[in-house]
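A.B. asks: no letters, just coordinates:
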């Protein structure tokens, strides 16, 4: 599907059913938190919303990468 903006893409994805169970989303949340601690950079609200796409399994990793390239590549 083609989206005109990253915001529209994220909005559509967040309406999807979670693609992972609670255990997996908890594991993914821990990975993201560890990454933030190691990088020493606290994510803003926009970045945290992007993380939720991955954490909740709203996007497969390939789509998530395409989304981030679309969002930050222009």
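C.D. replies: Done, it's in. Note that the structure is a prediction, hence the values are computed from the model and not measured.

A.B. asks: now do the buried residues in the longest helix anywhere in the chain.
C.D. replies: If you go by DSSP state H, the chain has its longest helix at helix 22-39. Neighbour-count burial for helix 22-39, counted by 16 or more other C-beta atoms under 10 Å, picks out 25, 28, 32. All C-beta atoms are positioned from the backbone trio N, CA, C, and that covers glycine.

A.B. asks: so who does the second one touch?
C.D. replies: What that stands for is residue 28. Neighbour list for residue 28: 20, 54-55, 57 [criterion: C-beta atoms under 8 Å, 6 or more residues apart in numbering].

A.B. asks: where does pLDDT dip in the chain?
C.D. replies: 1, 74 (pLDDT under 70).

A.B. asks: could you pull out the helices for it?
C.D. replies: 6-14, 22-39, 45-55, 61-72.

A.B. asks: for the shortest one, packing partners?
C.D. replies: It refers to helix 6-14. helix 45-55, helix 61-72 (3 or more C-beta pairs under 8 Å, 6 or more residues apart in numbering; DSSP states H and E).

A.B. asks: the same query, at a cut-off of 6 Å, please.
C.D. replies: Secondary-structure packing of helix 6-14 (3 or more C-beta pairs under 6 Å, 6 or more residues apart in numbering; DSSP states H and E): helix 61-72.

A.B. asks: quick one: the helix it packs on to helix 6-14, angle?
C.D. replies: Interaxial angle, helix 61-72 versus helix 6-14 (axes from the mean of the first three to the mean of the last three C-alpha atoms, to 10 degrees): 160 degrees.

A.B. asks: quick one: residue 2 from residue 42, how far?
C.D. replies: 33 Å (C-beta to C-beta, to the nearest Å).

A.B. asks: which one's more surrounded, those two?
C.D. replies: For the pair residue 2 and residue 42, the greater number of neighbours falls to residue 42 (9 against 6), based on other C-beta atoms under 10 Å.

A.B. asks: so how far is residue 33 from the more buried one?
C.D. replies: 11 Å.

A.B. asks: ditto for residue 21
C.D. replies: 19 Å.
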